[in-house]
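Peer 1: mind folding the following:
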Amino acid sequence: MSDVPEHRGRKVESEIYIKAPVQKVWEAWVNPEHIAGWFVHFARDRAEAGGSVTWGFEGFGEFAQDVLVADRNERLVLQAFPGALLEITLEREGGSTKITLVQSGFADGAEWDEPMAGVGSGWDLALGLLKQYVEHHFGEKKHTFFVARPSAVPPIEAREWLTDVQLLSRWFTVSGAPARVGEPFELRLHHGAVLCGTTIARSAREVSFALDTNDIVPDLKTFAGSVMGPGPSMVGIRGTSWSVDTAVFKELEAYCASAIERLSKELSA
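Peer 2: Residues are numbered from 1 along each chain as shown. Below is the predicted model of the structure:
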């Protein structure tokens, strides 16, 4: 087994259990077609030790990472720039695969607190999406939309707007709110639609849920900056699906765009 480079500076950690063989979860990380099935907009090159991979995010550009470690079915370590490491470890536990993720390279200083918290929250939601992909949609093509607007308040102050029933009713729903992870819920929207589903991920500031009837996973997001550095506060909704009716998906995208516009205005009031 290869040695793992030392993580330096502050770091975020996340973990999840997926009911699938380790080999399948490994492919979801190292195969460019599969990682584009749940995480990135596109990817180039398979992750092999000594090589590099490129990940692209629609609207946010692309970046290359060196592959420092690729111990098949066990550990993957990527480096975007010196000192910034992303380490994924896989372990078989019973009938599931445990994923442990560590990302480091965040500088000291209060201005880095929000980017670090946002990356950690983003990984919590991303791993929930990975679980959905591997367990139910492995190999299927992903469809996405992402709508975002500026937030006049930092993410830590905007988070209740994504989960509190009263606050959600002012921009996204008429009634209802996402439940605890693994629990069902019902959301009634302003244009009359009813969304039933199950919460699949919930961090300290964001939440994502899988809808029962039309195979869509919406993420309600609030963030500022990234591992690359501090940035402006934003609120947004990302929608992901693998086998959705195009008209339904477009309708939800339009609704979410209007809802995020309302939320942005609420936060600026």
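
Peer 1: which pLDDT value goes with residue 81?
Peer 2: pLDDT, residue 81: 87.

Peer 1: quick one: contacts for the residue lying closest to it once chain neighbours are set aside?
Peer 2: The shortest distance from residue 81 to any residue other than its chain neighbours is 7.5 Å, reached at residue 105 (CB to CB, 6 or more residues apart in numbering). For every residue, glycine as well, the C-beta is placed using N, CA and C. Each residue near residue 105 by CB atoms under 8 Å, 6 or more residues apart in numbering is listed here: 8, 9, 11, 80, 81, 83, 84, 85, 227.

Peer 1: kindly report the same for residue 135.
Peer 2: Contacts of residue 135 by CB under 8 Å, 6+ apart are 18, 19, 20.

Peer 1: quick one, phi/psi of residue 218?
Peer 2: phi -90, psi 140 (degrees, to the nearest 10).

Peer 1: and the pLDDT at residue 1?
Peer 2: 45.

Peer 1: my bad, should have said residue 269
Peer 2: pLDDT, read off for residue 269, is 84.

Peer 1: that one: how many residues sit nearby?
Peer 2: 5 (other CB atoms under 10 Å).

Peer 1: could you verify that residue 233 is part of a helix?
Peer 2: No: per DSSP: H, G, I helix; E, B strand; the rest coil, residue 233 lies outside any helix segment and is strand.

Peer 1: okay, and the beta partners of it?
Peer 2: Here residue 233 sits in beta bridges with residue 224, going by DSSP bridges.

Peer 1: how close does it sit to residue 150?
Peer 2: 7 Å (CB to CB, to the nearest Å).

Peer 1: hmm, who's touching the helix or strand that contains residue 146?
Peer 2: Assigned by DSSP states H and E, residue 146 belongs to strand 143-150. For strand 143-150, contacts defined as CB under 8 Å, 6+ apart pick out 41, 58-59, 221, 232-242, 244, 249, 252-253, 256-257, 260-261, 263-264.
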